[in-house]
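Have a look at this prediction, sequence included:
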Amino acid sequence: MTGYTSVHDGRLHVHVYPTHQFQTQHLQLKLVMPLESEGLTSTAMLPYLWMEGTETFPSALALMQRTDELYGVALRAGIAKRADRHIAEVYAGVPGETALSTNGVFEEAQRLAFDVATKPYRVDGKFPDKHVTREKGLHRRRIESLFDDKIAWAMDRCMKSVYAGERFGLPRLGHLDDVEAVTSETLVAAHERLLSEAQAHLYMVGAWSDAERVAADALAALRRALPSSRASETGPIKALEVRSGEIRRVTDEQPVRQGKLNLAFRTGISLPDVDYPALMVYNGILGGFPHSKLFVNVREKASLAYYASSRLDGLTGVLAVQTGIEVAQVERAESIILEQVQAMKDGRISEDELNYTKRGMRNQYLQANDQPMSLVDLHFAGVLAGKERSLPDTVAAIEAVHLEDVVRVAQQVQLDTVYFLRSEVTSHA
Amino acid sequence: MREHEYSRFRQKLYTEQLDNGLTVCLLPKPGFEQVFATFSTHYGSIDSVFRLSGEPDYVSVPEGIAHFLEHKMFESPQGDVFNDFARGGATANAYTSYDQTTYLFSSTENVDENLRVLLDFVQEPYFTDASIEKEKGIISQELRMYEDDPDRRSLSELLQAMYSEHPVRIDIGGTVESIQGINRDLLMRCYQTFYHPANMLLLVVGGFDPEHVLDLVRENQSGKSFAPARTIDRYYPDEPPEVAKAKSEVGLSVSQPRCLVGWKDAKTGLRGRELLHQELLTAVVLDVLFGRSSSTYQEWVDEGLIDQQFGWEYEVTPTYGFSLVGGNTTSPDALVSRINEALDKAAEAGLAEADFERCRKKTLGRFVASLDSPYYIAHSYSSYAFKDVDLFDTAEVLESLTLAQANERLRSHFVASQQTVSVITPIGARA
């Protein structure tokens, strides 16, 4: 097992993971900004606008044709949101040069990825109207089509309630109503701010024999691409605090065949906390696996659902349960879910549940070694939380969790929102 | 044990057919933590009318039974098989396609134990009436979930409009109504017909020692007895070249209309390298015409006709083949006519050599990149194996394609009478 070689200069960071396990080389540039309502929609649109062309390849067509010529380099850009951070990302996946009997492709792909973010096509400093108009149309549809995936939509709506009034709650893609007002000027302002203020993290995973030299070269290239300036103030991400007050209930009606019931909980515990490994195990026992309480009780015993699971956001400490059910069964499903949460609080957890969960989690973490982008995600979550924990350390921390630790964190799990997406109630006049 | 080296991909393959007929394929990937194993039967949702050689009559089973059987296999006399995998720290799953059912696990530890669990539970059917009834509730919710999903729904509607006879027109899981007719005898009949080792393939990929794994499998299998293998007669009705209907339309709670245009292959029956050749050739043609690096795609985005969800697919097996193009659109009618105009123009002028070469190069690169994924290898290797295709021939076959073949395929595949359209129209209020 190898690890990261990291170097940095002010706000610029390079993380190189040398490994000969993969034939493909991966590169990802992440530009991290605070999530703010000011300029939110313009910032959200930017990475997609970058893909409209670079100085060298000045249209989406020219850029895509270039990636084809580089043996189908997978070049993507998009906007991500982690807790209260907005992250513009550019990714390049470069197929193995040995199998393709070629070389120099990675260097070309790296240049292309940098150019996408730092030298997008502009005329006299402005993004051309044609690109802006096209991207505004696409962005509108990008936001609208979130509605089409009901599982994801229900989760979004549930989280919106949890984060109501918090910066965490600003939408990743920005606001539909704000797209109209986006102009080349607002985009240029967002672009220049992003390039000069963002914390930049460049990840590289691939078969390099001299990681230190690769990292130093990449840092130099990053310095040229992002000349230094004032970095925005962003400390480590803090978990969402447990709140007092009523449980929030939100219901939407749509003409759907299946209802979606989501329950969100605040825990106040996140990645840097000593209790975080115990909370991960808690989540695993409750709903992370097919042997978990939710799957066994909602699906296998009550036959109410096909999926019933929980997941944990390690940065905000919010745990969410999701399931798809017959609308008429909502009360029964909710009470079975809450019984499981109560069982966790009461310590009604079997040896098998605890041990199977810890083994399952160990397996998931060890498998991350086989998935380059999982390695990146795990490391980056640590960067954002201000606590980088290596994979072996995480595995050891999970191993050390005892039943009483799980029961202790269970007392902190507090229901925040019950969300239900249901079919329309037909009114009989 | 036969050993074959694909030096270009730094990959070795070990194969053996055991005495009971089971095919074992081992693809070690040194350096990988995980072992990914799939145990597959050449049996899917389209195998709904069949008999074993020697049996007098064909039996016709309810729609969705292959998928139902896949769910029920996870029940054992000791309880839920998921617990056995959890004990060994493995992630387990299964899936059913039109022509294949696959059980799988991946784990980084206790690999021997997990392999035995995989082999044993798939070779030991155990169903109770009560649990069969319970499963109907679970699967009904799975099917309801798909009914709300525009991707699944538009494809399902397209295939129903395209095929009048072939069972690929039926959803893999059947319907909430059709699964009500499933019972223990029918499940057992399907099991006994299709789960004989001679109709199955075990594939292991990842970090392991092939000698050791093969010994384990041999030992496990020699401890079990099976009836002699019999030939399976699968009945597929004759499918006319023309589509069943030219258009289908359904309403769904979505933000914008969606439109798929599909073409049925009139000629079927390909296997082996010929099938792979047709698959890759058609994929390159579709990519030249409608991929992200085509001027067609970029123009339609410019016009606002489509968005980035637009795409194409081609699927081919020995008994059916179809392509499709489409996605979200502001105007399904306009999209259909623009697609047909683009095809007419291309058929007349032929594809440009530069476009053809560029897309071929990309397809080759993407194939090489995908070999880093044990999941991809396990899934596609076994799926191809049932069609007598060697996954690792992909690069060579891609390199053998010619522009003339591409133009011939372009002109013969996109035929008006073999074309159908599936439209999803938004209903209800938007958010």
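Arrived safely, thanks for sending. What you see is a predicted model; the values in this text were computed from it and never measured.

tell me which element B:G137 is part of?
Using DSSP states H and E, B:G137 sits in helix B:129-147.

Only the C-alpha atoms, please, for that helix, written as CSV.
What follows is helix B:129-147, C-alpha atoms only, in CSV (Å, rounded to 0.1, in the frame of the first residue of the first chain):
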residue,chain,number,x,y,z
ASP,B,129,-44.6,-20.4,-0.1
ALA,B,130,-44.6,-17.7,2.6
SER,B,131,-41.4,-16.1,1.5
ILE,B,132,-42.5,-16.2,-2.2
GLU,B,133,-45.6,-14.2,-1.3
LYS,B,134,-43.5,-11.8,0.7
GLU,B,135,-41.1,-11.3,-2.2
LYS,B,136,-44.0,-10.2,-4.4
GLY,B,137,-44.4,-7.1,-2.2
ILE,B,138,-40.7,-6.3,-2.5
ILE,B,139,-40.5,-6.8,-6.2
SER,B,140,-43.7,-4.8,-6.8
GLN,B,141,-42.0,-1.8,-5.2
GLU,B,142,-38.9,-2.4,-7.4
LEU,B,143,-41.2,-2.3,-10.5
ARG,B,144,-43.1,0.8,-9.2
MET,B,145,-39.7,2.5,-8.8
TYR,B,146,-38.8,1.8,-12.4
GLU,B,147,-42.2,3.0,-13.6
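
can you give me the offset of the very next helix or strand once past that helix from its chain's centre?
Using DSSP H and E, the helix or strand that follows helix B:129-147 towards the C-terminus is helix B:150-162. Mean-position distance between helix B:150-162 and its chain equals 15 Å (CA atoms, centre = their mean, to the nearest Å).

From the contact counts, what lies against helix B:150-162?
Under the contact definition 3 or more CB pairs under 8 Å, 6 or more residues apart in numbering or on different chains; DSSP states H and E, helix B:150-162 sits against helix B:129-147, strand B:247-252, strand B:258-264, strand B:321-328, strand B:419-426. (Glycine included, C-beta is placed from N, CA and C.)

which residues in the stretch 51-200 of chain B form helices?
Under the criterion DSSP state H, counting those that start in this stretch, the stretch 51-200 of chain B contains helices at B:65-72, B:81-87, B:111-122, B:129-147, B:150-162, B:184-194.

what do you get for the stretch 51-200 of chain A?
Under DSSP H, counting those that start in this stretch, the stretch 51-200 of chain A gives helices at A:60-69, A:105-118, A:129-144, A:150-162, A:176-179, A:184-197.

before we move on, what about the stretch 251-400 of chain B?
Listed in chain order, the helices of the stretch 251-400 of chain B (DSSP H, counting those that start in this stretch) span residues B:272-290, B:295-303, B:332-349, B:353-370, B:374-385, B:394-400.

right, so of the ones you listed, which gets closest to chain A?
helix B:353-370 (3.0 Å; CB to the nearest CB).

tell me which strands and helices the closest one is in contact with?
If you count contacts as 3+ CB pairs under 8 Å, 6+ apart, helix B:353-370 packs onto helix A:60-69, helix B:272-290, helix B:374-385, helix B:394-400, helix B:403-413.

Give me the residues contacting that helix.
Contact partners of helix B:353-370, identified using CB atoms under 8 Å, 6 or more residues apart in numbering or on different chains, comprise A:23-24, A:65, A:67-74, A:93-96, A:99-100, B:9, B:280, B:283-284, B:287-288, B:291, B:293-294, B:376-377, B:380, B:394-395, B:398-399, B:401, B:403, B:406.

go again using 6 Å as the cut-off
With contact meaning CB atoms under 6 Å, 6 or more residues apart in numbering or on different chains, helix B:353-370 is reached by A:24, A:68-69, A:71-72, A:95-96, A:99, B:284, B:287-288, B:376, B:394, B:398, B:403, B:406.

same question, stretch B:416-431
The contact list for stretch B:416-431, computed with CB under 6 Å, 6+ apart, reads A:147, A:254-255, B:150, B:154, B:157-158, B:161-162, B:241-243, B:246-254, B:257-264, B:332, B:336.

Chain A contacts on the stretch 51-200 of chain B?
With CB under 6 Å from any CB of the partner chain as the criterion, the stretch 51-200 of chain B meets chain A at residues B:82-83, B:86, B:89, B:107-108, B:134, B:137-138, B:141-142, B:144-145, B:147-148, B:150.

Now the helix holding B:G137: buried residues?
For helix B:129-147, the neighbour count (16 or more other CB atoms under 10 Å in any protein chain shown) marks B:131-132, B:134-135, B:137-147 as buried.

Kindly report the residues of the stretch 1-150 of chain A close to chain B.
Residues of the stretch 1-150 of chain A found near chain B (CB under 6 Å from any CB) are A:21-24, A:60-61, A:64-65, A:68-69, A:71-72, A:95-96, A:99, A:134, A:137-138, A:141, A:144-145, A:147-148, A:150.

Mind checking which of those are buried?
The neighbour-count criterion (16+ other CB under 10 Å) marks A:21-24, A:60-61, A:64-65, A:68-69, A:71-72, A:95-96, A:99, A:134, A:137-138, A:141, A:144-145, A:147-148, A:150 among the residues of the stretch 1-150 of chain A next to chain B as buried.
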